[in-house]
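J.: here is the input, now give the coordinates:
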Amino acid sequence: MQNLEVVPYDVYWELCVQLRTGTRHMPAGTTIQRIIVADDVEH
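T.: Sure thing, here's the model as predicted:
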């Protein structure tokens with residue numbers, strides 16, 4: 001697991017919320033093909 005690292009809790013939570021929001025209407029078992037990470041995101 002070379003890509004595993006410790007991140008702040010707020011980063012973890014934000015990622016989980018975005019994943020849940022983006023996948024909420026997908027059927028169970030749907031495969032996520034890719035995740036795009038933007039370096040600069042304005043809220």
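
J.: so which residues of this structure form helices?
T.: For the chain, the helices defined by DSSP state H occupy 9-23.

J.: where does pLDDT dip in it?
T.: Applying pLDDT under 70 to the chain flags the ranges 39-43.

J.: give me that answer again for 90
T.: Along the chain, the parts satisfying pLDDT under 90 run over 1-12, 14-16, 18-19, 22, 32-43.

J.: tally up the residues packed near Thr21, please.
T.: When neighbours are counted by other Cβ atoms under 10 Å, Thr21 registers 9. Where you see a C-beta, it was placed from the backbone N, CA and C, and this is true even at glycine.

J.: isn't Thr23 up against Ile32?
T.: Yes. Counting by Cβ atoms under 8 Å, Ile32 is a contact partner of Thr23 at 6.9 Å.

J.: wait, what's in contact with Thr23?
T.: Contact analysis of Thr23 by Cβ atoms under 8 Å, 6 or more residues apart in numbering lists Thr30, Ile32.

J.: distance of His26 relative to Arg20?
T.: One thing to correct before we go on: residue 26 is Met, not His. Per Cβ to Cβ, to the nearest Å, Met26 is found 11 Å from Arg20.

J.: now Glu14
T.: From Glu14 to Arg20 the distance is 11 Å (Cβ to Cβ).

J.: neighbour count winner among those two?
T.: The residue with more neighbours, out of Glu14 and Arg20, is Glu14; 14 against 9, by other Cβ under 10 Å.

J.: and the more buried one, what does it touch?
T.: Contacts of Glu14 by Cβ under 8 Å, 6+ apart: none found.

J.: and it, how far from Val6?
T.: For Glu14, the distance to Val6 (Cβ to Cβ) stands at 16 Å.

J.: burial count for Leu15?
T.: Neighbourhood size, Leu15 [other Cβ under 10 Å]: 13.
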